[in-house]
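> The following comprises the amino acid sequence and a computationally predicted model.
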Amino acid sequence: MITSLKKLAQTLRLNLSEFAADNLFPEFPLQVPESFVARIKQNDINDPLLLQILPQQRELQNIKGFNTDPIFEKKYSPITGLIHKYHGRVLLLVTDNCVLNCRFCFRRHLREKITDWQKVFSYIKNDSTVTEVILSGGDPLMLAQGKLKEIMDQLAQIPHIKRIRIHSRVPIAMPKLVTSRLIQSKIPVVLMVHCNHSNEINDDVVECLDLLRKQNITIFNQAVLLKGVNDDSEVLVALSEKLFSVGVIPCYLHILDKVKGAAHFYVNIERAKKIYSEMQKKLSGFLVPKLVVEVKNKKKYV
């Protein structure tokens, strides 16, 4: 794991001192697996993978409209680590540990996790309208295998829970962490991976995704539209095509949540619509992810 700007600069043969320093973001520092860095082009400060993980001075800017809780998760959290924002499903923050720190993360200021599992399970048991539980964080696949299985076994015992959804960056960022025994569930599992650029997908990722699909896990992808990273229809078309070729269904393309520190990634809705329209012309319908933006209490299709 690379946590030093100096080591990252040496590995990529870049001078990064003008962009940031290691002590600028003590609560959200540089953190990236070496296996992910290996996919970044050396001596290219504009590499789309590098831009996603490189801490920059401009994250310190206070930009109007950008705040620490852009999708109002605290408002919809009746129990620490449980978010009940949408009908029929709850989201659980099972850990605050991530495989890498994405600089555009909408939870970069809200590093919470569940502290009372008994309360959480009781809440879910007492609401029969909840049919889907989303494991998020942090990254659920960073949990110890035994702990993840324990959580999934408890959820499987609740009669009205039809499926478990896992949100994870691990299969993309650090695929070697995934084993055939990591995800074990008695009810259907849906995996939502997070990949923003086709360059993130290498042979190790393909092998990992194949392993997961052999366990009858349905795999979707959610991407974020990021300025300088993938705000181009050709780049997004390539991403959808690559994902589908390795058995992943392109599901969501998110307008950036306006989190403090990530304003430099923001693509406004009008430009996003134009890019999306170009994608629709170039892709079969089933390869076009849904363009969405989070608002106060719902996911709005753009």
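Arrived safely, thanks for sending.
> Go ahead and confirm Lys119 touches Leu92.
No: here Lys119 does not reach Leu92: they are 11.6 Å apart, not a contact under C-beta atoms under 8 Å. Quick note: C-beta positions are derived from backbone N, CA and C, even for glycine.
> More neighbours: those two, which one.
Neighbour tally, Lys119 and Leu92, criterion other C-beta atoms under 10 Å: the higher count belongs to Leu92, 24 against 15.
> If the residue most central in space within the chain is in a bridge, with which residues?
Per C-alpha atoms, centre = their mean, the C-alpha nearest to the average position across the chain is that of His194, at 4.5 Å. For His194, the beta-bridge partners under DSSP bridges are Gln222.
> Now do the same for it: its pLDDT.
As predicted, His194 sits at a pLDDT of 98.
> Can you verify my assumption that it contacts Ser168?
Yes: counting by C-beta under 8 Å, His194 touches Ser168, with 7.4 Å between them.
> Tell me which stretches of the stretch 201-302 of the chain form strands.
Counting by DSSP state E, counting those that start in this stretch, the stretch 201-302 of the chain has strands at residues 218-225, 249-255, 290-295, 298-301.
> Including mean pLDDT and distance to Leu243, could the ones you listed go into TSV?
TSV is the format used below for the strands of the stretch 201-302 of the chain (pLDDT from 0 to 100; distance: least, C-beta to C-beta, whole Å):
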stretch	mean pLDDT	distance to Leu243
strand 218-225	98	5
strand 249-255	98	5
strand 290-295	90	14
strand 298-301	66	20
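> Nearest to Leu51 among those strands would be which one?
Between Leu51 and the strands of the stretch 201-302 of the chain, the shortest gap by C-beta to C-beta is with strand 218-225, which sits at 12.1 Å.
> So which other helices or strands are in contact with the closest one?
Packing contacts for strand 218-225, counted by 3 or more C-beta pairs under 8 Å, 6 or more residues apart in numbering; DSSP states H and E, involve strand 189-194, helix 203-213, helix 233-245, strand 249-255.
> Let me know the angle separating that strand from helix 203-213.
With axes from the mean of the first three to the mean of the last three C-alpha atoms, to 10 degrees as the criterion, the two stretches strand 218-225 and helix 203-213 enclose an angle of 140 degrees.
> got the CA coordinates for strand 218-225 in CSV?
Listed next in CSV are the C-alpha coordinates belonging to strand 218-225 (Å, rounded to 0.1, in the frame of the first residue of the first chain):
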residue,chain,number,x,y,z
THR,A,218,-24.5,-10.6,-10.5
ILE,A,219,-22.1,-7.8,-11.1
PHE,A,220,-23.0,-4.2,-12.0
ASN,A,221,-20.8,-1.1,-12.2
GLN,A,222,-21.3,2.4,-11.0
ALA,A,223,-19.1,5.2,-12.3
VAL,A,224,-18.8,8.8,-11.5
LEU,A,225,-18.5,11.5,-14.2
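> Contacts made by it with the rest, please.
For strand 218-225, the external contacting residues (C-beta atoms under 8 Å, 6 or more residues apart in numbering) are 104, 167, 188-196, 209, 212-213, 230-231, 236, 239, 243, 247-256, 265, 267, 272, 275, 289, 291.
> Filter the residues you listed down to the buried ones, PyMOL style.
In PyMOL, selecting the buried portion of the contacts of strand 218-225, with burial taken from 16 or more other C-beta atoms under 10 Å, looks like this:
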select buried, resi 104+167+189+190+191+192+193+194+195+196+209+212+230+231+236+239+243+248+250+251+252+253+254+255+256+265+267+272+275+289+291
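> which one is Ile158 nearest to, not counting chain neighbours?
Computed as C-beta to C-beta, 6 or more residues apart in numbering, the closest residue to Ile158 that is not its neighbour in sequence is Lys125, at 5.5 Å.
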